[in-house]
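>>> Can you look at this prediction? I've put the sequence above it.
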Amino acid sequence: MKQIAVLGLGVVGRGVADLFRENAATVAARCGEEVVLKYALDIRDMPDSPYANLLVRSIDPILADPEVSVVAEVMGGLHPAYEYTRACLDAGKSVVTSNKELVATYGVELLALAREKGVYYLFEASTGGAIPVIAPIVRDLAANEVTGISGILNGTTNYILTRMFRAGASFEAALTEAQQKGYAERNPAADIEGIDACRKICILSASATGILPDPARVHTEGITAIRQKDVRIAEKNGYTLKLLGKMEKKPWGTFVLVSPFFVKRTDPLSSVEDVFNGIKVSCNYAGEVMFYGRGAGSHPTASAVAADIVSVVRGDAKRQTWTLGEEDYPTDFRLYRTRHYLALSGVEQNAVTVIWEDAEILGSDGEELAVLTPEISEQELEDSLARLSSLGARLQSHIRVSVE
Ligand code: HSE
(Lines give C-alpha, C1' and ligand atoms only; values in the text may rest on other atoms or scores of the structure.)
Protein backbone atom coordinates (compact mmCIF):
# COMPACT_ATOMS: atom_id res chain seq x y z
CA MET A 1 0.00 0.00 0.00
CA LYS A 2 1.19 3.53 -0.82
CA GLN A 3 0.25 6.46 1.38
CA ILE A 4 -0.09 10.01 0.12
CA ALA A 5 -0.81 13.48 1.46
CA VAL A 6 -2.57 16.44 -0.01
CA LEU A 7 -1.48 20.01 0.75
CA GLY A 8 -4.62 22.19 0.54
CA LEU A 9 -8.19 20.98 0.81
CA GLY A 10 -9.70 23.61 -1.48
CA VAL A 11 -11.46 23.02 -4.81
CA VAL A 12 -8.71 20.79 -6.25
CA GLY A 13 -7.64 19.14 -2.97
CA ARG A 14 -11.19 18.08 -2.27
CA GLY A 15 -11.38 16.60 -5.78
CA VAL A 16 -8.17 14.63 -5.19
CA ALA A 17 -9.51 13.28 -1.89
CA ASP A 18 -12.80 12.33 -3.58
CA LEU A 19 -11.00 10.54 -6.40
CA PHE A 20 -8.83 8.38 -4.14
CA ARG A 21 -11.95 7.44 -2.15
CA GLU A 22 -14.40 6.87 -5.02
CA ASN A 23 -11.95 5.34 -7.54
CA ALA A 24 -9.97 3.39 -4.93
CA ALA A 25 -10.52 0.01 -6.60
CA THR A 26 -9.62 1.31 -10.08
CA VAL A 27 -6.48 3.02 -8.79
CA ALA A 28 -5.45 -0.12 -6.87
CA ALA A 29 -5.95 -2.28 -9.96
CA ARG A 30 -3.90 0.07 -12.14
CA CYS A 31 -1.12 0.51 -9.57
CA GLY A 32 -1.01 -3.09 -8.35
CA GLU A 33 -1.48 -1.80 -4.79
CA GLU A 34 -3.78 0.47 -2.82
CA VAL A 35 -3.12 4.21 -2.73
CA VAL A 36 -4.52 5.79 0.40
CA LEU A 37 -4.81 9.43 1.42
CA LYS A 38 -3.33 9.70 4.92
CA TYR A 39 -3.10 13.47 5.55
CA ALA A 40 -4.82 16.62 4.27
CA LEU A 41 -3.02 19.82 5.23
CA ASP A 42 -5.19 22.91 5.62
CA ILE A 43 -5.16 25.78 8.06
CA ARG A 44 -8.94 26.08 8.00
CA ASP A 45 -11.27 24.30 10.41
CA MET A 46 -13.47 21.92 8.41
CA PRO A 47 -15.57 20.02 10.94
CA ASP A 48 -18.14 19.08 8.27
CA SER A 49 -15.61 17.82 5.73
CA PRO A 50 -15.69 14.07 5.07
CA TYR A 51 -11.90 14.33 5.37
CA ALA A 52 -11.88 16.08 8.77
CA ASN A 53 -10.17 13.03 10.33
CA LEU A 54 -7.20 13.46 7.95
CA LEU A 55 -6.69 17.17 8.63
CA VAL A 56 -3.37 18.47 9.90
CA ARG A 57 -2.42 22.13 10.28
CA SER A 58 1.33 21.72 9.93
CA ILE A 59 3.53 20.15 7.26
CA ASP A 60 5.71 18.55 9.96
CA PRO A 61 3.82 15.27 10.51
CA ILE A 62 3.79 14.72 6.74
CA LEU A 63 7.53 15.37 6.43
CA ALA A 64 8.25 13.13 9.42
CA ASP A 65 6.14 10.22 8.18
CA PRO A 66 8.31 7.80 6.16
CA GLU A 67 5.20 6.01 4.93
CA VAL A 68 4.11 9.04 2.88
CA SER A 69 5.90 8.71 -0.44
CA VAL A 70 3.94 11.15 -2.65
CA VAL A 71 2.57 14.58 -1.78
CA ALA A 72 0.04 16.50 -3.89
CA GLU A 73 0.60 20.25 -3.54
CA VAL A 74 -2.68 21.83 -4.58
CA MET A 75 -2.66 24.89 -2.36
CA GLY A 76 -1.71 27.36 -5.10
CA GLY A 77 0.34 30.56 -4.74
CA LEU A 78 4.09 30.77 -4.29
CA HIS A 79 4.38 30.74 -0.52
CA PRO A 80 4.38 28.56 1.46
CA ALA A 81 3.89 26.17 -1.49
CA TYR A 82 7.54 26.66 -2.56
CA GLU A 83 8.96 25.99 0.91
CA TYR A 84 6.68 22.97 1.44
CA THR A 85 7.57 21.52 -1.97
CA ARG A 86 11.30 21.88 -1.31
CA ALA A 87 10.89 20.32 2.13
CA CYS A 88 8.98 17.34 0.73
CA LEU A 89 11.53 16.77 -2.06
CA ASP A 90 14.37 17.13 0.47
CA ALA A 91 12.65 14.52 2.61
CA GLY A 92 12.69 12.10 -0.34
CA LYS A 93 9.01 12.43 -1.25
CA SER A 94 7.78 12.94 -4.80
CA VAL A 95 5.59 15.99 -5.30
CA VAL A 96 2.82 16.38 -7.86
CA THR A 97 1.09 19.71 -8.32
CA SER A 98 -1.56 21.79 -10.04
CA ASN A 99 0.29 24.96 -9.04
CA LYS A 100 1.19 26.65 -12.34
CA GLU A 101 2.51 29.78 -10.66
CA LEU A 102 5.04 27.74 -8.71
CA VAL A 103 6.08 25.60 -11.69
CA ALA A 104 6.45 28.62 -14.00
CA THR A 105 8.50 30.46 -11.36
CA TYR A 106 10.61 27.77 -9.68
CA GLY A 107 10.27 24.83 -12.07
CA VAL A 108 13.96 24.75 -13.04
CA GLU A 109 15.10 24.56 -9.42
CA LEU A 110 12.42 22.13 -8.21
CA LEU A 111 13.02 19.73 -11.09
CA ALA A 112 16.75 19.78 -10.34
CA LEU A 113 16.13 19.13 -6.65
CA ALA A 114 13.80 16.22 -7.42
CA ARG A 115 16.41 14.69 -9.72
CA GLU A 116 19.13 15.12 -7.09
CA LYS A 117 16.96 13.40 -4.49
CA GLY A 118 15.92 10.60 -6.84
CA VAL A 119 12.24 11.53 -6.63
CA TYR A 120 9.77 13.20 -9.00
CA TYR A 121 8.31 16.67 -9.44
CA LEU A 122 5.33 16.33 -11.78
CA PHE A 123 2.77 18.92 -12.84
CA GLU A 124 0.35 17.52 -15.43
CA ALA A 125 -2.50 19.28 -13.58
CA SER A 126 -0.82 22.68 -13.86
CA THR A 127 -1.77 23.08 -17.52
CA GLY A 128 -4.96 22.14 -19.32
CA GLY A 129 -6.85 20.80 -16.28
CA ALA A 130 -7.87 17.22 -17.02
CA ILE A 131 -6.09 17.10 -20.39
CA PRO A 132 -3.05 14.85 -20.63
CA VAL A 133 -0.69 17.16 -22.49
CA ILE A 134 2.60 17.47 -20.62
CA ALA A 135 3.21 13.71 -20.38
CA PRO A 136 2.42 13.21 -24.11
CA ILE A 137 4.78 16.05 -25.06
CA VAL A 138 7.55 14.70 -22.83
CA ARG A 139 7.04 11.04 -23.65
CA ASP A 140 5.13 10.38 -26.86
CA LEU A 141 6.39 13.32 -28.91
CA ALA A 142 9.90 13.16 -27.48
CA ALA A 143 11.50 12.24 -30.80
CA ASN A 144 10.02 15.31 -32.51
CA GLU A 145 11.16 18.88 -32.74
CA VAL A 146 8.18 20.87 -31.45
CA THR A 147 7.93 23.88 -33.74
CA GLY A 148 4.84 25.48 -32.28
CA ILE A 149 2.17 25.36 -29.60
CA SER A 150 -1.11 27.22 -29.77
CA GLY A 151 -3.57 26.76 -26.96
CA ILE A 152 -6.69 27.88 -25.21
CA LEU A 153 -5.22 27.49 -21.75
CA ASN A 154 -7.59 29.30 -19.44
CA GLY A 155 -11.05 27.92 -18.78
CA THR A 156 -12.40 31.06 -17.13
CA THR A 157 -11.67 33.38 -20.05
CA ASN A 158 -12.85 30.80 -22.57
CA TYR A 159 -16.07 30.50 -20.61
CA ILE A 160 -16.45 34.30 -20.59
CA LEU A 161 -15.75 34.66 -24.33
CA THR A 162 -18.14 31.82 -25.16
CA ARG A 163 -20.91 33.47 -23.15
CA MET A 164 -20.18 36.82 -24.80
CA PHE A 165 -20.50 35.16 -28.23
CA ARG A 166 -23.39 32.80 -27.63
CA ALA A 167 -25.58 34.69 -25.17
CA GLY A 168 -24.46 38.29 -25.69
CA ALA A 169 -23.62 38.15 -21.97
CA SER A 170 -21.74 40.99 -20.36
CA PHE A 171 -18.16 40.37 -19.35
CA GLU A 172 -19.00 40.83 -15.64
CA ALA A 173 -21.97 38.42 -15.61
CA ALA A 174 -19.96 35.72 -17.37
CA LEU A 175 -17.04 36.15 -14.94
CA THR A 176 -19.38 35.78 -11.97
CA GLU A 177 -20.77 32.54 -13.44
CA ALA A 178 -17.23 31.17 -13.95
CA GLN A 179 -16.35 32.04 -10.35
CA GLN A 180 -19.47 30.30 -9.06
CA LYS A 181 -18.51 27.16 -10.97
CA GLY A 182 -15.09 27.10 -9.27
CA TYR A 183 -13.07 27.77 -12.46
CA ALA A 184 -11.59 31.15 -11.61
CA GLU A 185 -8.47 31.91 -9.61
CA ARG A 186 -8.90 33.40 -6.13
CA ASN A 187 -7.93 36.69 -7.72
CA PRO A 188 -9.58 36.52 -11.16
CA ALA A 189 -7.23 39.22 -12.48
CA ALA A 190 -4.79 36.34 -13.14
CA ASP A 191 -7.38 34.82 -15.47
CA ILE A 192 -8.71 37.88 -17.28
CA GLU A 193 -5.32 39.63 -17.63
CA GLY A 194 -3.79 36.53 -19.24
CA ILE A 195 -1.33 35.85 -16.40
CA ASP A 196 -2.60 32.32 -15.78
CA ALA A 197 -2.37 31.48 -19.50
CA CYS A 198 1.13 32.97 -19.53
CA ARG A 199 2.30 30.60 -16.79
CA LYS A 200 0.78 27.67 -18.67
CA ILE A 201 2.34 28.46 -22.06
CA CYS A 202 5.70 28.84 -20.27
CA ILE A 203 5.26 25.36 -18.75
CA LEU A 204 4.24 23.82 -22.10
CA SER A 205 7.04 25.57 -23.91
CA ALA A 206 9.58 24.34 -21.36
CA SER A 207 8.19 20.81 -21.54
CA ALA A 208 8.63 20.90 -25.32
CA THR A 209 12.03 22.59 -25.51
CA GLY A 210 13.69 22.21 -22.09
CA ILE A 211 13.95 26.01 -21.81
CA LEU A 212 11.66 27.80 -19.36
CA PRO A 213 10.81 31.29 -20.57
CA ASP A 214 10.78 33.91 -17.84
CA PRO A 215 7.04 34.75 -17.58
CA ALA A 216 7.97 38.40 -17.04
CA ARG A 217 9.51 38.46 -20.55
CA VAL A 218 6.42 36.98 -22.23
CA HIS A 219 4.17 39.49 -23.97
CA THR A 220 0.85 39.02 -22.15
CA GLU A 221 -2.53 40.58 -22.88
CA GLY A 222 -5.88 39.58 -21.39
CA ILE A 223 -9.46 39.90 -22.55
CA THR A 224 -10.64 42.94 -20.59
CA ALA A 225 -10.55 45.30 -23.59
CA ILE A 226 -12.71 43.10 -25.84
CA ARG A 227 -16.01 44.75 -26.73
CA GLN A 228 -19.34 43.27 -27.87
CA LYS A 229 -18.69 45.20 -31.11
CA ASP A 230 -15.48 43.22 -31.73
CA VAL A 231 -17.31 39.98 -31.00
CA ARG A 232 -19.99 40.79 -33.60
CA ILE A 233 -17.42 41.79 -36.25
CA ALA A 234 -15.47 38.58 -35.66
CA GLU A 235 -18.65 36.52 -35.96
CA LYS A 236 -19.79 38.27 -39.14
CA ASN A 237 -16.45 37.62 -40.82
CA GLY A 238 -16.08 33.93 -40.04
CA TYR A 239 -13.96 34.19 -36.91
CA THR A 240 -14.32 33.55 -33.23
CA LEU A 241 -12.34 35.21 -30.44
CA LYS A 242 -10.03 33.20 -28.23
CA LEU A 243 -7.35 33.95 -25.67
CA LEU A 244 -4.36 31.99 -26.97
CA GLY A 245 -1.02 31.12 -25.49
CA LYS A 246 1.48 30.57 -28.28
CA MET A 247 5.01 29.36 -28.73
CA GLU A 248 6.27 29.75 -32.30
CA LYS A 249 9.70 28.75 -33.54
CA LYS A 250 10.57 30.78 -36.64
CA PRO A 251 13.83 31.12 -38.55
CA TRP A 252 14.17 34.61 -37.01
CA GLY A 253 13.44 33.62 -33.42
CA THR A 254 11.33 31.80 -30.87
CA PHE A 255 8.28 33.68 -29.68
CA VAL A 256 6.14 33.08 -26.62
CA LEU A 257 3.06 35.23 -26.07
CA VAL A 258 -0.46 35.40 -24.70
CA SER A 259 -3.04 37.51 -26.48
CA PRO A 260 -6.64 37.46 -27.62
CA PHE A 261 -6.83 36.31 -31.24
CA PHE A 262 -9.35 36.26 -34.05
CA VAL A 263 -9.46 32.52 -34.84
CA LYS A 264 -10.89 31.32 -38.18
CA ARG A 265 -13.97 29.13 -37.86
CA THR A 266 -12.09 26.44 -39.81
CA ASP A 267 -9.40 26.23 -37.09
CA PRO A 268 -10.28 23.40 -34.65
CA LEU A 269 -9.45 25.74 -31.74
CA SER A 270 -12.48 27.84 -32.69
CA SER A 271 -14.83 25.08 -31.55
CA VAL A 272 -13.25 24.77 -28.11
CA GLU A 273 -15.93 26.38 -25.97
CA ASP A 274 -16.95 27.06 -22.35
CA VAL A 275 -14.48 25.81 -19.74
CA PHE A 276 -12.80 23.49 -22.23
CA ASN A 277 -9.18 23.96 -23.21
CA GLY A 278 -7.62 22.95 -26.52
CA ILE A 279 -3.94 22.74 -27.34
CA LYS A 280 -2.37 22.23 -30.76
CA VAL A 281 1.21 21.05 -30.81
CA SER A 282 3.07 21.26 -34.13
CA CYS A 283 5.86 18.75 -34.56
CA ASN A 284 8.36 18.21 -37.36
CA TYR A 285 7.48 14.52 -37.79
CA ALA A 286 4.08 13.98 -36.16
CA GLY A 287 2.63 17.09 -37.78
CA GLU A 288 -0.13 18.76 -35.79
CA VAL A 289 -1.43 16.99 -32.68
CA MET A 290 -4.39 18.38 -30.77
CA PHE A 291 -5.42 17.90 -27.14
CA TYR A 292 -8.86 18.75 -25.80
CA GLY A 293 -10.75 18.52 -22.52
CA ARG A 294 -11.92 20.29 -19.39
CA GLY A 295 -9.38 22.94 -18.45
CA ALA A 296 -10.51 23.72 -14.91
CA GLY A 297 -12.73 22.52 -12.10
CA SER A 298 -12.35 20.23 -9.11
CA HIS A 299 -12.68 16.71 -10.51
CA PRO A 300 -11.05 17.33 -13.93
CA THR A 301 -7.98 18.86 -12.28
CA ALA A 302 -7.93 16.11 -9.65
CA SER A 303 -7.85 13.57 -12.47
CA ALA A 304 -4.54 15.00 -13.70
CA VAL A 305 -3.09 15.23 -10.17
CA ALA A 306 -4.02 11.59 -9.62
CA ALA A 307 -2.53 10.57 -12.97
CA ASP A 308 0.85 11.87 -11.79
CA ILE A 309 0.50 10.05 -8.48
CA VAL A 310 -0.33 6.81 -10.27
CA SER A 311 2.68 7.23 -12.57
CA VAL A 312 5.01 7.68 -9.55
CA VAL A 313 3.53 4.64 -7.80
CA ARG A 314 3.78 2.52 -10.96
CA GLY A 315 7.31 3.70 -11.61
CA ASP A 316 6.62 4.98 -15.13
CA ALA A 317 6.92 8.71 -14.45
CA LYS A 318 9.26 10.75 -16.63
CA ARG A 319 11.65 13.33 -15.18
CA GLN A 320 12.22 16.59 -17.02
CA THR A 321 15.29 18.80 -16.94
CA TRP A 322 14.81 22.50 -17.64
CA THR A 323 17.12 25.45 -17.97
CA LEU A 324 16.05 29.03 -17.57
CA GLY A 325 15.80 31.09 -20.78
CA GLU A 326 18.57 33.67 -21.21
CA GLU A 327 17.89 37.39 -21.52
CA ASP A 328 17.24 37.14 -25.26
CA TYR A 329 14.72 34.30 -24.82
CA PRO A 330 12.01 34.44 -25.98
CA THR A 331 12.94 36.61 -28.97
CA ASP A 332 12.10 40.33 -28.87
CA PHE A 333 8.35 40.58 -29.37
CA ARG A 334 8.76 43.46 -31.84
CA LEU A 335 9.88 40.84 -34.38
CA TYR A 336 6.74 38.72 -33.97
CA ARG A 337 4.71 38.62 -37.18
CA THR A 338 0.99 38.13 -37.62
CA ARG A 339 -2.14 39.83 -39.00
CA HIS A 340 -4.09 42.32 -36.93
CA TYR A 341 -7.73 43.38 -36.59
CA LEU A 342 -7.93 47.14 -36.00
CA ALA A 343 -10.99 49.28 -35.29
CA LEU A 344 -10.07 52.86 -36.17
CA SER A 345 -12.06 56.04 -35.84
CA GLY A 346 -11.31 59.42 -37.45
CA VAL A 347 -9.79 57.93 -40.57
CA GLU A 348 -10.80 57.19 -44.16
CA GLN A 349 -10.31 53.86 -45.87
CA ASN A 350 -7.72 55.19 -48.33
CA ALA A 351 -5.41 56.35 -45.51
CA VAL A 352 -5.32 52.74 -44.39
CA THR A 353 -4.80 51.28 -47.85
CA VAL A 354 -1.96 53.73 -48.53
CA ILE A 355 -0.13 52.10 -45.64
CA TRP A 356 -1.23 48.51 -46.28
CA GLU A 357 -2.11 48.07 -49.94
CA ASP A 358 -3.53 44.62 -49.30
CA ALA A 359 -5.38 45.41 -46.06
CA GLU A 360 -8.79 43.75 -45.87
CA ILE A 361 -11.49 46.30 -45.07
CA LEU A 362 -14.20 44.56 -43.04
CA GLY A 363 -16.56 47.54 -43.08
CA SER A 364 -17.54 50.68 -41.27
CA ASP A 365 -20.44 51.48 -38.94
CA GLY A 366 -20.10 55.20 -39.63
CA GLU A 367 -17.91 55.69 -36.54
CA GLU A 368 -15.24 53.05 -36.87
CA LEU A 369 -13.47 51.41 -39.75
CA ALA A 370 -12.74 47.70 -39.18
CA VAL A 371 -9.58 46.49 -40.90
CA LEU A 372 -7.47 43.34 -41.14
CA THR A 373 -3.83 44.15 -41.84
CA PRO A 374 -1.55 41.89 -43.85
CA GLU A 375 1.02 39.88 -41.93
CA ILE A 376 3.40 42.40 -40.38
CA SER A 377 5.78 42.63 -37.45
CA GLU A 378 4.80 44.24 -34.16
CA GLN A 379 7.38 46.93 -34.89
CA GLU A 380 5.79 47.66 -38.29
CA LEU A 381 2.38 47.80 -36.64
CA GLU A 382 3.59 50.29 -34.05
CA ASP A 383 5.20 52.50 -36.71
CA SER A 384 2.12 52.40 -38.95
CA LEU A 385 -0.24 53.18 -36.08
CA ALA A 386 1.92 56.20 -35.25
CA ARG A 387 1.56 57.37 -38.89
CA LEU A 388 -2.20 56.86 -38.77
CA SER A 389 -2.41 58.67 -35.46
CA SER A 390 -0.59 61.67 -36.97
CA LEU A 391 -3.39 61.71 -39.58
CA GLY A 392 -6.00 61.91 -36.81
CA ALA A 393 -6.85 58.21 -36.49
CA ARG A 394 -7.75 56.83 -33.07
CA LEU A 395 -7.32 53.16 -32.30
CA GLN A 396 -10.54 51.84 -30.68
CA SER A 397 -9.64 48.19 -30.67
CA HIS A 398 -6.75 45.93 -31.65
CA ILE A 399 -6.83 42.13 -31.68
CA ARG A 400 -4.30 39.83 -33.34
CA VAL A 401 -5.36 37.30 -35.96
CA SER A 402 -4.17 33.71 -35.71
CA VAL A 403 -2.63 32.98 -39.11
CA GLU A 404 -1.74 29.31 -38.93
N1 HSE B 1 -8.36 29.64 -13.33
C2 HSE B 1 -7.86 28.58 -14.13
C3 HSE B 1 -8.66 28.52 -15.42
C4 HSE B 1 -7.99 27.28 -13.38
O5 HSE B 1 -9.72 29.16 -15.47
O6 HSE B 1 -8.24 27.88 -16.36
C7 HSE B 1 -7.31 26.12 -14.01
O8 HSE B 1 -5.92 26.30 -14.10
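On my side now, so go ahead. Residues are numbered from 1 along each chain as shown.

>>> Contacts only, for the residue in the stretch 301-404 of the chain that the ligand sits nearest to.
Nearest to the ligand in the stretch 301-404 of the chain, going by Cβ to the nearest ligand atom, is residue 301, at a distance of 6.4 Å. For every residue, glycine as well, the C-beta is placed using N, CA and C. Contacts were defined as Cβ atoms under 8 Å, 6 or more residues apart in numbering; by that measure residue 301 touches 11, 12, 15, 74, 98, 125, 129, 130.

>>> Quick check: residues of the stretch 101-250 of the chain near the ligand?
Neighbours of the ligand within the stretch 101-250 of the chain, by Cβ under 6 Å from any ligand atom: 129, 154, 155, 156, 183, 184, 185, 191, 196.

>>> Any idea how many residues pack against the second one?
Number of residues near residue 154 (other Cβ atoms under 10 Å) recorded here: 36.

>>> Setting aside sequence neighbours, what's the nearest residue to it?
residue 197 (4.5 Å; Cβ to Cβ, 6 or more residues apart in numbering).

>>> can you give me phi and psi for that neighbour?
phi -60, psi -30 (degrees, to the nearest 10).

>>> Lowest average confidence across helices and strands of this structure, where is it?
helix 171-180 (a mean of 91; mean pLDDT, DSSP states H and E).

>>> in what helix or strand does the residue of the stretch 301-404 of the chain closest to the ligand lie?
Secondary structure assigned from DSSP states H and E places residue 301 in helix 298-314.

>>> what is the rounded mean pLDDT of that helix?
Averaged over helix 298-314, pLDDT sits at 98.

>>> just stretch 339-351 next, same as before
97.

>>> Could you pull out the buried residues of that stretch?
339, 340, 341, 342, 343, 344, 345, 346, 347, 351 (16 or more other Cβ atoms under 10 Å).

>>> same check, this time on stretch 163-178
Quick answer for stretch 163-178 (16+ other Cβ under 10 Å): 163, 164, 165, 169, 171, 174, 175, 177, 178.

>>> Likewise for stretch 108-119?
For stretch 108-119, by 16+ other Cβ under 10 Å, it's 108, 110, 111, 113, 114, 117, 119.

>>> Identify the spatial nearest neighbour of the fourth one, chain neighbours not counted.
Of all residues beyond its chain neighbours, the one nearest residue 113 is residue 89 (4.8 Å), with distances taken as Cβ to Cβ, 6+ apart.

>>> Report the separation between the one you found and residue 96.
Between residue 89 and residue 96 the computed distance is 11 Å (Cβ to Cβ, to the nearest Å).

>>> between those two, what contacts are shared?
residue 121.

>>> Between those two, which is the more surrounded one?
residue 96 (30 against 24).

>>> immediately after the helix or strand where the more buried one lies, which helix or strand?
Following DSSP H and E, one finds residue 96 within strand 94-97. Moving toward the C-terminus from strand 94-97, the next helix or strand (DSSP H and E) is helix 100-117.

>>> got the contact list for whichever helix or strand comes after that next one?
Using DSSP H and E, the next helix or strand after helix 100-117 towards the C-terminus is strand 121-122. For strand 121-122, the external contacting residues (Cβ under 8 Å, 6+ apart) are 85, 89, 94-97, 110-111, 113-114, 308, 311-312, 317.

>>> which among those gets closest to the ligand?
For the contacts of strand 121-122, the nearest to the ligand is residue 97 (11.5 Å; Cβ to the nearest ligand atom).

>>> for the closest one, what are its contacts?
72, 73, 74, 81, 85, 103, 121, 122, 123, 125, 126, 305.

>>> Could you report the pLDDT at it?
Taking residue 97 on its own, its pLDDT is 98.

>>> swap in residue 68?
98.

>>> where along the stretch 151-300 of the chain do the strands fall?
Here the stretch 151-300 of the chain has its strands, by DSSP state E, counting those that start in this stretch, at 211-212, 219-220, 239-250, 253-264, 276-283, 287-294.

>>> What strands line up against the fourth one, and which way round?
The pairing partners recorded for strand 253-264 under DSSP bridges are strand 219-220 (parallel), strand 239-250 (antiparallel), strand 394-401 (parallel).

>>> now it: mean pLDDT?
For strand 253-264, the per-residue pLDDT averages 98.

>>> Only the buried residues of it, if you could.
254, 255, 256, 257, 258, 259, 260, 261, 262, 263, 264.

>>> Tell me who's in contact with whichever residue of the stretch 251-400 of the chain sits closest to the ligand.
Proximity of the stretch 251-400 of the chain to the ligand (Cβ to the nearest ligand atom) peaks at residue 296, 3.6 Å away. By Cβ under 8 Å, 6+ apart, the contact set of residue 296 is 129, 154, 155, 156, 182, 183, 275, 277.

>>> wait, doesn't the first one sit right on residue 298?
No. In terms of Cβ atoms under 8 Å, residue 129 does not count as a neighbour of residue 298; the distance is 10.0 Å.

>>> For these two, indicate the residue with more neighbours.
Set residue 129 next to residue 298 and count neighbours by other Cβ under 10 Å: residue 129 wins out with 28 against 19.

>>> Excluding sequence neighbours, find me the nearest residue to the more buried one.
residue 295 (4.1 Å).

>>> what do you get for residue 353?
Residue 353 sits nearest to residue 359 (Cβ to Cβ, 6+ apart), 5.7 Å away.

>>> From residue 247, how far out is the residue of the stretch 1-150 of the chain found nearest the ligand?
Going by Cβ to the nearest ligand atom, the ligand is nearest to residue 129 of the stretch 1-150 of the chain, at 5.6 Å. Separation of residue 129 from residue 247 (Cβ to Cβ): 19 Å.

>>> Residue 180 too?
For residue 180, the distance to residue 247 - Cβ to Cβ - is 32 Å.
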